[in-house]
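> No sequence on hand, only this structure:
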């Protein structure tokens with residue numbers, strides 16, 4: 001439920017009290033107004049008004065208490081932490097501005113010139129070889145998505161990451177379409193979906209509610225409206241919040257290269273593309289957009305280093321992504337996620353209580369977060385299984401396609417015992433993929449050792465859980481005490 005939680009409660013309580021006082025004043029002045037009315041009629045009207053005001057007042061107070069008892073899935077970091085974040089970000093933004101000015105005077109043609117990319121979109125973005133292109137208009141935005149597979153098969157929703165779009169799932173769509181109705185979405189602000197410029201449109205509560213509405217609409221013709229949710233990077237970060245906010249819509253959740261949100265921001269590596277400094281700097285408009293577009297979108301060459309450089313017969317290339325992010329507005333929408341998501345956390349009271357099987361897939365060459373972050377995520381959610389893909393970086397679903405597809409199919413209880421894959425009955429327990437590679441063989445032992453060490457340290461020092469921070473419920477005046 002979107003913010004203004006405490007304001008809504010206060011308003012409802014005030015409405016109930018105000019209604020009572022207004023009713024009293026009306027009843028006290030009623031004799032002068034209806035002096036011409038006979039006493040029986042007056043008494044009857046008085047009784048009706050009194051009973052009506054009491055019923056409304058009780059109903060308002062009842063709804064207020066029920067509303068207050070609901071646990072908000074999203075909490076925000078304290079005000080002082082937010083102020084500090086913005087203050088440091090202002091300093092970084094000023095330095096970046098001076099850097100842009102220096103580049104302009106040094107060699108504007110080199111740093112600011114960009115290749116003109118206003119021609120028709122690359123074929124790989126528009127053809128229907130991977131699936132059917134469709135649009136859906138929600139209350140908050142219009143979303144573009146590509147759909148493949150039999151509509152009677154289980155539903156799978158895929159959310160892409162930063163500097164990507166639906167085409168990022170090009171290696172999963174053909175395989176998963178054999179067993180699923182797979183839907184790859186352009187997140188709001190990306191690709192062919194609507195791109196509102198206001199950062200308020202990207203508050204996590206609104207994004208989550210729009211995606212929940214999207215899932216409900218796509219699955220409207222199905223008896224089972226639950227879906228398998230797969231996300232990468234920012235898409236997985238949004239997916240975490242979606243699972244906690246609407247677990248009734250998610251049967252299983254796969255996060256690729258994104259640990260639990262409550263440890264993600266605290267343990268973000270400096271080697272990440274969007275480390276803490278970059279996120280702070282991006283809080284101020286225009287500057288980060290200009291920085292990322294320098295040298296003819298050179299950042300895309302770095303992020304998509306696993307993609308071939310030049311287009312060839314419709315194959316996805318770096319030029320494909322440079323077309324997708326060729327305008328400043330294409331960057332504003334993408335950056336707005338980082339401008340809002342950094343201050344959001346999962347309510348600590350809900351952490352550890354998910355009844356949804358979870359899988360975290362990471363590459364052993366991941367530089368955005370450490371192995372410690374993945375292990376800490378399993379401490380928060382007992383149902384979370386971590387699998388490490390050998391030889392992959394931040395985009396294992398594109399860099400190590402066979403391994404990731406096998407992990408997905410195994411986790412989703414898909415077997416290959418017969419010609420063509422088939423879906424077996426969904427099991428209540430997590431189906432763990434085959435553990436290949438030394439990292440996968442060691443991660444279980446590391447997790448057990450790490451958990452045991454934490455338990456011993458907690459018994460000795462009686463320290464509080466460092467992850468149960470006094471986060472403030474969005475719009476609520478009361479703080480959540482550490483557990």
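That came through, no problem. Keep in mind the model is a prediction, meaning the values are calculated, not measured.

> use CA for all of it now, contacts and neighbours both
Noted.

> Do you have the strands of the stretch 101-250 of the chain handy? List them.
132-137, 142-148, 155-159, 181-185, 227-232, 250-256 (DSSP state E, counting those that start in this stretch).

> scratch that, the stretch 301-450 of the chain is what I was asking about
344-346, 358-363, 384-389, 414-415, 422-423.

> so who does residue 361 touch?
Counting by CA atoms under 8 Å, 6 or more residues apart in numbering, residue 361 touches 254, 255, 256, 257, 386, 387, 388, 389, 396, 404.

> Columns pLDDT on top of those, output as TSV?
Compiled in TSV, these are given as follows (pLDDT from 0 to 100):
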residue	pLDDT
254	98
255	97
256	97
257	95
386	95
387	95
388	94
389	95
396	96
404	97
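
> Between those, which sits nearest residue 97?
Closest to residue 97 out of those is residue 257 (31.0 Å), distances taken as CA to CA.

> hang on, isn't that closest one packed against residue 232?
Yes: with contact defined as CA atoms under 8 Å, residue 257 counts as touching residue 232 (6.1 Å).

> list residues touching both of those two?
residue 395.

> rewinding a little: which of the contacts of residue 361 are buried, as a ChimeraX select command?
Here is the ChimeraX command that selects the buried residues among those (16 or more other CA atoms under 10 Å):
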select :254,255,256,257,386,387,388,389,396,404
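
> Residue 203 and residue 239, how far apart?
14 Å (CA to CA, to the nearest Å).

> ok, those two, which is more surrounded?
A direct count of neighbours by other CA atoms under 10 Å for residue 203 and residue 239 places residue 239 higher, at 25 against 19.

> dump the residue contacts of the more buried one.
159, 229, 230, 231, 253, 255.

> Is it possible to get CSV of those residues that adds distance to residue 305?
What follows is the contacts of residue 239, written out as CSV (distance: CA to CA, whole Å):
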residue, distance to residue 305
159, 21
229, 26
230, 23
231, 20
253, 27
255, 22
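
> need the contact list for the spatially most central residue of the chain.
The geometric centre of the chain, computed from its C-alpha atoms, lies nearest to residue 238 (CA atoms, centre = their mean), at 0.7 Å. By CA under 8 Å, 6+ apart, the contact set of residue 238 is 204, 207, 208.

> With neighbour count, distance to residue 182 and pLDDT as new columns, can those be given to me in CSV?
Below are these laid out as CSV (neighbours: other CA atoms under 10 Å; distance: CA to CA, whole Å; pLDDT from 0 to 100):
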residue, neighbour count, distance to residue 182, pLDDT
204, 22, 24, 96
207, 21, 20, 96
208, 23, 19, 97
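
> from the residues you listed, which is closest to residue 167?
Closest to residue 167, out of all of those and judged by CA to CA, is residue 207, at 20.6 Å.

> That closest one and residue 239: what is the separation?
The gap separating residue 207 from residue 239 is 10 Å, by CA to CA.

> Check residue 179 too.
For residue 179, the distance to residue 239 - CA to CA - is 22 Å.

> Same check on residue 346?
12 Å.

> ditto for residue 376
18 Å.

> try residue 147
With CA to CA as the criterion, residue 147 and residue 239 are 19 Å apart.

> give me the low-pLDDT residue ranges for the stretch 301-450 of the chain?
Counting by pLDDT under 70, the stretch 301-450 of the chain shows low-confidence ranges at 312-314, 414-450.

> Thanks a lot, see you next time.
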